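Visitor: Just a sequence and a predicted model for now, questions to come.
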Amino acid sequence: ARLTAVGGPWSARIARLAWPVDDVVEVDFPGFNRIAGRASFSAPYRQIERDALRLRELGAGRAVILRDDAWWAAALARASVSGDVIAAADRRNQPFATRTVDLDSRPHRSQRALALAAELLGLWGDSVPVGTRWDMSPRMSADEWQVEAGRALLLQQGIEGPYIAQHPGAGAAVKTWPEGNWRAVVRAFPDIRFVLTGSEAEATTCERIASGLPNAVSI
């Protein structure tokens with residue numbers, strides 16, 4: 001089967017690097033872009049009509065909504081695919097899903113997403129044994145030239161041996177750890193080099209955290 005990931009523009013770059021899919025399509029899901037000001041009540045519903053026109057061109061037969069409370073995504077999928085829409089058994093998803101999965105709210109969200117994806121196997125008559133343990137190891141693919149470019153960047157900063165990467169930025173202030181806490185971690189391991197990473201907008205934050213710490217550098 002051809003697999004297409006539909007995600008927000010804020011996650012498209014990492015999805016293209018980390019997700020083993022054939023294509024990534026960007027949809028600016030309402031409520032996640034954190035743009036100042038509120039849209040009108042009807043705006044999210046009008047957006048479904050616009051984005052469904054684009055997604056129908058994919059000719060998708062089925063959709064799996066990996067976020068268990070994403071009713072808007074379920075509605076978009078119902079308007080975009082020809083067959084089943086698999087979603088969590090949340091009452092907000094009920095009008096749009098053709099197959100729902102009862103999820104335990106305690107596991108990590110990524111584990112709940114895997115349980116939803118596993119429902120696809122049931123459509124082909126297979127089943128996932130109870131108690132199946134998923135391999136949750138993070139994976140990142142990179143071309144040889146990307147690896148070499150990364151090494152060159154580190155060498156420019158005098159980093160040749162082991163190091164720890166810190167990424168202090170986040171999409172919202174409520175998710176951001178205080179800068180002093182990041183600095184405390186660096187100071188707690190004086191014999192280890194720390195490399196701070198982030199977006200262009202987060203550069204000053206990384207520089208402040210690394211400032212005055214001989215074992216930290218911002219790139």
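Guide: Okay, I see it.
Visitor: can you pull out the helices in this structure?
Guide: 12-18, 43-56, 71-78, 109-123, 144-156, 179-188, 203-210 (DSSP state H).
Visitor: Below-threshold pLDDT in the chain: ranges please.
Guide: The model of the chain has pLDDT under 70 over residues 33-39.
Visitor: which ones are touching residue 68?
Guide: Residues near residue 68 by Cβ atoms under 8 Å, 6 or more residues apart in numbering: 87-88, 90, 103, 109, 112-113, 116. For the C-beta atoms, the positions are set from N, CA and C on the backbone; glycine is no exception.
Visitor: And the contacts of stretch 20-27?
Guide: Residues contacting stretch 20-27 (Cβ under 8 Å, 6+ apart): 2-9, 12, 15-16, 51, 54-55, 58, 76, 139, 141.
Visitor: same thing but 6 Å
Guide: For stretch 20-27, contacts defined as Cβ atoms under 6 Å, 6 or more residues apart in numbering pick out 2-6, 9, 12, 15-16, 51.
Visitor: buried set for that stretch?
Guide: If you call a residue buried by 16 or more other Cβ atoms under 10 Å, then stretch 20-27 has these buried ones: 24-27.
Visitor: With stretch 170-182 instead?
Guide: Per 16+ other Cβ under 10 Å, stretch 170-182 contains these buried residues: residue 182.
Visitor: Residue 142 and residue 13: what is the separation?
Guide: Using Cβ to Cβ, to the nearest Å, residue 142 is found at 13 Å from residue 13.
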